[in-house]
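K.L.:
Quick one: sequence and predicted model below, then my questions.
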Amino acid sequence: MDWRLTMKALRYAAGVLVCTLLPLTAAAQTAGAIAGTVTDSSKAVLPGVTVEVTSPALIDGTRTAVTNASGNYSITELRPGTYTVRFTLPGFRTFVREGLELTTGFTANVSA
């Protein structure tokens, strides 16, 4: 087998690998997150709160999570942009945070 043919095949394979992995790296660098804890006025955690983030930066416009038993939530893979975060739980007043600027690779701590 000719060594030039082998080198050409190796260069081709390396090029394919780079072209495959490059978009994954770029996507990971453009994502941010919003996370936090939801408590009541006595600082007791609130499980089951629906947390909804909206932004023109999102393709689907809205992402939703529900707080766990510890009152924590996390919404990941968010594009940079301006977000509104809405917290709702039956029996409680709805709480809204507007104008939250999310940047690349940043996790915003938004607790309510």
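P.N.:
Now that the structure is in, tell me what you want to look at. In this text, all values refer to a predicted model and were calculated from it rather than measured experimentally.

K.L.:
When you work out contacts or count neighbours from here on, use the C-alpha atoms and nothing else.
P.N.:
Noted.

K.L.:
what residue ranges in the protein are flagged as low confidence?
P.N.:
For the chain, the stretches flagged by pLDDT under 70 are 1-30.

K.L.:
What are the boundaries of the strands in it?
P.N.:
Counting by DSSP state E, residue ranges of the strands within the chain are 32-37, 50-54, 62-66, 72-78, 81-88, 95-102, 107-109.

K.L.:
Now the third one: buried residues?
P.N.:
Think strand 62-66. Within strand 62-66, the residues scored as buried using 16 or more other CA atoms under 10 Å are 63, 65-66.

K.L.:
In PDB, could you pull the C-alpha coordinates for it?
P.N.:
The C-alpha trace of strand 62-66 is given here as PDB (Å, rounded to 0.1, in the frame of the first residue of the first chain):
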ATOM      1  CA  THR A  62     -41.000  28.900  26.700                       C
ATOM      2  CA  ARG A  63     -39.200  26.300  28.900                       C
ATOM      3  CA  THR A  64     -40.700  24.900  32.000                       C
ATOM      4  CA  ALA A  65     -39.500  23.000  35.100                       C
ATOM      5  CA  VAL A  66     -41.000  22.000  38.500                       C
END
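
K.L.:
My read is that Thr76 contacts Leu58, right?
P.N.:
No. Applying CA atoms under 8 Å, one finds Thr76 not in contact with Leu58, separated by 11.8 Å.

K.L.:
And these two? Which one has more around it.
P.N.:
Leu58 (17 against 14; other CA atoms under 10 Å).

K.L.:
For the nearest residue to that one once chain neighbours are set aside, the count of nearby residues, please.
P.N.:
Nearest residue to Leu58, sequence neighbours excluded (CA to CA, 6 or more residues apart in numbering): Arg79, at 6.6 Å. With neighbours defined by other CA under 10 Å, the count for Arg79 comes to 22.

K.L.:
Pro40 - how many residues pack around it?
P.N.:
Just to correct that, residue 40 is Asp rather than Pro. So Asp40, with other CA under 10 Å, has 10 neighbours.

K.L.:
Much appreciated, bye for now.
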